[in-house]
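A.B. asks: next one to model:
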Amino acid sequence: MTSSPGLLAYLLIPLFTAVAIPFAARFRTRMADVLANVTLLAGLLNLSLLLFDPANADSSFSAIPDDGFSLLMVFVIYLVGLCVTFFSTYFMEEGSGVARAPYFALIMTSVSAMCGIVTTGDFFTLYIFIEVLAVSSFALIASGERTGGLEGAIKYLLLTFPASLFILLGVAFLMLTAGTFSFEGVKTLVASGMPAGGTVFAVSLLLLGFLIKSGVVPFHAWTPDAYEGAYSPVSAFLAGIVTKIAGVYAVIKIAIILRLFDVKTCPAADILMFLGMLSIAVGAVAALRQNELKRMLAFSSISQVGYIVLAAGIGTPLAILGAIFHLVNHATFKTTLYLNSASLEKGAGTSDMTKLGGMEHSMPWTSWTSVVALMSTAGVPPLSGFWSKLLIIVALWDGGARIYAVLALLFSIVTLAYFMVMQRKVFFGKPTEASRAAREVRPAMLAPVVAMSVLIVALGVFFPYIYAYLVDTVAARIIL
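C.D. replies: Numbering: from 1, shown residues only. Next up, the predicted model:
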């Protein structure tokens, strides 16, 4: 069951493309990437016209469907999906162990599943789509000839399997105790008064499952191995959007349904805030100690997810808006950084930071798009990451969680520190043998990261428009 019938096409068309790719690729192998790119580009252009029509602000976004949150997430899914498929088209080489048709079919299946997750109206259908996404993610992580990919895929499967079990049990208990697993049904139950103990237990199981899927501390053991071991464009896909939709999106959705800022006696809020802050701290400190770029980015991703979970825990409308915007920003800057790590691997033959240095001269476009992305991650104004972190920190302060607000601010400085270390080691350090032999990747591979970098700047510069969208289509319609 979908809560947004108007968005159903964005779920079905990628699924049809995934089915068509193996047949089309029999006649011409490159039809696999052509179909994937054309499908995602067409959908993205259509979504962009709907979201960024200047007339929207004047009409309080009346032309936007009821659920502005779902529409925004579908846009981000298509955006990251297109960047990854377009980059992969030129990144792939013969002998890499990755077959084009299955690879692009799996990405399109994942896009379809993620669109199903963000448009569904009940927990049972949500669970079904999450399991489809888990299976396709496992296959994507295991693709290629790297032993690390298979190891990461097995860890992903084994360590997230309990999450699936918790979610399924939560759905079952929810049906038994509340008589419904629809979002609106549970929201009505919460609005009528404090839920019964069985319902609280069911929602707690759901939250636990989605937190494991999110990779927050202490459920993060699979994340660095999966991100590091996966085929490089797959790492960008996983870190940029897959794990965020599979876990973090649902955590935000539950926070909205439970109205945590109203239900003061619910312990879920305190637990979410604690785990969010723990993830921020552990991820940031661990990132400082890494020498492998993809692994460092994985711990950085854990830290940034912590900000979203922390905001979901305080649960006020401003905090939820900050969490949603940071989820969007995370998709932009983390996709950029992971695609750049893949470019480094392509151009210099390694992503080990100890073997790199002075890459600014060899790969200037990769270098400066990385600077934009890392500054946004650290919350440097006026880039988009600054505004989402500001919303979260202000919401924490106003909500009485002032210690968390101060800590969140301090760890933003730590984020800037480890990214400056990375930038100095990789791009601004002394040239190494690898960097002297390196060459910038082809313009087609730079196009996605340049586009993402422009978007990062644009989202920061035009933040008032973004904030108005969030207030009019999310806060006014589905939170308040």
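A.B. asks: helices of the stretch 101-250 of the chain, start to end?
C.D. replies: 123-142, 147-178, 183-191, 197-214, 222-229, 232-237, 243, 249-258 (DSSP state H, counting those that start in this stretch).
A.B. asks: most tightly surrounded among these?
C.D. replies: helix 232-237 (a mean of 28; mean count of other C-beta atoms under 10 Å). C-beta here means a position set from N, CA and C on the backbone, and glycine is covered the same way.
A.B. asks: after it, which helix or strand is next?
C.D. replies: helix 243 (DSSP states H and E).
A.B. asks: in CSV: the helices of the stretch 101-250 of the chain, plus mean pLDDT.
C.D. replies: Formatted as CSV, the helices of the stretch 101-250 of the chain follow (pLDDT from 0 to 100):
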stretch, mean pLDDT
helix 123-142, 88
helix 147-178, 80
helix 183-191, 78
helix 197-214, 84
helix 222-229, 81
helix 232-237, 88
helix 243, 86
helix 249-258, 87
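A.B. asks: in a markdown table, list those along with distance to G379.
C.D. replies: As requested, these are arranged in a markdown table below (distance: least, C-beta to C-beta, whole Å):
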| stretch | distance to G379 |
| --- | --- |
| helix 123-142 | 29 |
| helix 147-178 | 29 |
| helix 183-191 | 31 |
| helix 197-214 | 20 |
| helix 222-229 | 22 |
| helix 232-237 | 21 |
| helix 243 | 21 |
| helix 249-258 | 19 |
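A.B. asks: and of the ones you listed, who's closest to V372?
C.D. replies: helix 232-237 (15.8 Å; C-beta to C-beta).
A.B. asks: what's near enough to touch S388?
C.D. replies: Going by C-beta atoms under 8 Å, 6 or more residues apart in numbering, S388 touches Y307, G322, F325, H326, V328, N329.
A.B. asks: just checking, the fourth one touches V305?
C.D. replies: Translated: H326. No - judged on C-beta atoms under 8 Å, H326 makes no contact with V305 at a distance of 9.2 Å.
A.B. asks: neighbour-wise, which of those two wins?
C.D. replies: More neighbours surround V305 than the other of H326 and V305, with 31 against 25 (other C-beta atoms under 10 Å).
A.B. asks: so what's the residue nearest the centre of the chain up against?
C.D. replies: Centroid-nearest residue in the chain, with C-alpha atoms, centre = their mean: I241, separated by 3.1 Å. The contact partners of I241, by C-beta under 8 Å, 6+ apart, come to V76, I77, V80, G81, M114, A331, T335.
A.B. asks: could you measure from the residue nearest to the second one when sequence neighbours are not counted over to Y467?
C.D. replies: Which is I77. Spatial nearest neighbour of I77, excluding adjacent residues (C-beta to C-beta, 6 or more residues apart in numbering): M114 at 4.8 Å. As judged by C-beta to C-beta, to the nearest Å, M114 and Y467 stand 25 Å apart.
A.B. asks: looking at those two, which is more packed in?
C.D. replies: In terms of neighbours (other C-beta under 10 Å), M114 is the more surrounded of M114 and Y467; the figures are 31 against 15.
A.B. asks: quick one: contacts for L407?
C.D. replies: L407 neighbours (C-beta under 8 Å, 6+ apart): M277, I280, A281.
A.B. asks: now do the first one, the pLDDT please.
C.D. replies: In this case it means M277. For M277, the model assigns a pLDDT of 94.
A.B. asks: I'd guessed it sits against Y307; true?
C.D. replies: No - contact criterion C-beta under 8 Å: M277 and Y307 do not qualify, at 9.3 Å.
A.B. asks: got any residues that touch both of those two?
C.D. replies: Common neighbours of M277 and Y307 (C-beta under 8 Å, 6+ apart) are A408.
A.B. asks: who's more crowded, the two?
C.D. replies: Remark: of M277 and Y307, Y307 carries more neighbours, 31 against 23, as counted by other C-beta under 10 Å.
A.B. asks: count the residues that sit near P443.
C.D. replies: 10.
A.B. asks: any idea how far L189 is from it?
C.D. replies: 54 Å.
A.B. asks: what of F210?
C.D. replies: In terms of C-beta to C-beta, F210 sits 19 Å off from L189.
A.B. asks: low-confidence stretches in the chain?
C.D. replies: 1-6, 57, 66, 93-98, 144-149, 152, 193-197, 260-266, 435, 480 (pLDDT under 70).
A.B. asks: try it again with 50
C.D. replies: For the chain, the stretches with pLDDT under 50 are 1, 94-95, 264-265.
A.B. asks: can you give me the strands for it?
C.D. replies: Counting by DSSP state E, no segments of the chain form strands.
A.B. asks: follow-up on the earlier one: quick one: residues contacting the residue nearest to I77.
C.D. replies: I77, F129, L133, I241, V242, I245, A246.
A.B. asks: again, only this time at 10 Å
C.D. replies: 10-11, 14, 73-74, 76-78, 80-81, 129-130, 132-133, 136, 241-242, 244-246, 249 (C-beta atoms under 10 Å, 6 or more residues apart in numbering).
A.B. asks: again, but for G215
C.D. replies: With C-beta under 10 Å, 6+ apart, G215 has these contacts: 156, 159-160, 221-224, 226-227, 238-239, 243-244, 246-248, 279, 283, 298, 301-302, 305.
A.B. asks: run the last query once more with 6 Å
C.D. replies: T223, T243, I302 (C-beta atoms under 6 Å, 6 or more residues apart in numbering).
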